[in-house]
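Colleague: Sequence plus predicted model, see below.
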Amino acid sequence: MRKVHRIFFFLFSCIWLPACGQKTFDEKMESLYRYTVPVIQANNLKDLLAKEKVYVLDTRTPEEFGISHIAGARLIDFDNFKISMVQEIPKDAEVVVYCSVGYRSERIGEALQAAGYQHVSNLYGGIFNWKNKGNTIYNKNNLPTDSVHTYNRNWSQWLYNGIKVYE
């Protein structure tokens, strides 16, 4: 009987203990963000896009952007960003930045704020959360898609609703 308990305990541990170390999506975001740029939730951005002129800047790589992006977003490659790339955007305009989960976009948001942009927001959870919430994304041909470039296998765990592309 004692051996049965050990086997049961071992199997239980193998199944449940690894989950104890896993973070939730919100905990992961909390560990990444400095909150130096105000965040905007996906549903609030969706409402904003429906009623106002908003500059949506995608701070991911061209490859990531080509797989999918938010409608009307403009590619601002994080690795090659210069403030001169956005000089035509009025400093008092509504600007929303995003990337996969919000880390790179927060850095670009900080640069925009330092350059005098007054209304910059970072999309909470990036395109992952946008798609997780059921919002539409578009491929390089501006056709709806379910594919999201998840950067790599590790980051793909945070996309729950969509096709994960990372190679």
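Modeller: Received the coordinates, thanks.

Colleague: Count the residues that sit near the residue nearest to residue 85 when sequence neighbours are not counted.
Modeller: Distances taken as C-beta to C-beta, 6 or more residues apart in numbering place residue 76 nearest to residue 85, at 6.0 Å, with adjacent residues excluded. (Glycine included, C-beta is placed from N, CA and C.) Residue 76: 23 surrounding residues under other C-beta atoms under 10 Å.

Colleague: residues contacting residue 76?
Modeller: Applying C-beta atoms under 8 Å, 6 or more residues apart in numbering, we find residue 76 in contact with 57-59, 85-86, 97, 108.

Colleague: Just the helices from this protein, written as ranges.
Modeller: Ranges of helices in the chain, per DSSP state H, are 2-20, 25-32, 42-51, 62-67, 103-114, 126-132, 153-156.

Colleague: so can I have a markdown table of these showing distance to residue 145, mean neighbour count and mean pLDDT?
Modeller: Shown next, in a markdown table, are the helices of the chain (distance: least, C-beta to C-beta, whole Å; neighbours: other C-beta atoms under 10 Å; pLDDT from 0 to 100):
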| stretch | distance to residue 145 | mean neighbour count | mean pLDDT |
| --- | --- | --- | --- |
| helix 2-20 | 31 | 9 | 47 |
| helix 25-32 | 22 | 13 | 96 |
| helix 42-51 | 17 | 14 | 96 |
| helix 62-67 | 8 | 17 | 97 |
| helix 103-114 | 20 | 20 | 98 |
| helix 126-132 | 10 | 26 | 98 |
| helix 153-156 | 16 | 13 | 93 |
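
Colleague: can you redo these as CSV with distance to residue 165?
Modeller: Below are the helices of the chain laid out as CSV (distance: least, C-beta to C-beta, whole Å):
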stretch, distance to residue 165
helix 2-20, 26
helix 25-32, 19
helix 42-51, 20
helix 62-67, 5
helix 103-114, 18
helix 126-132, 12
helix 153-156, 9
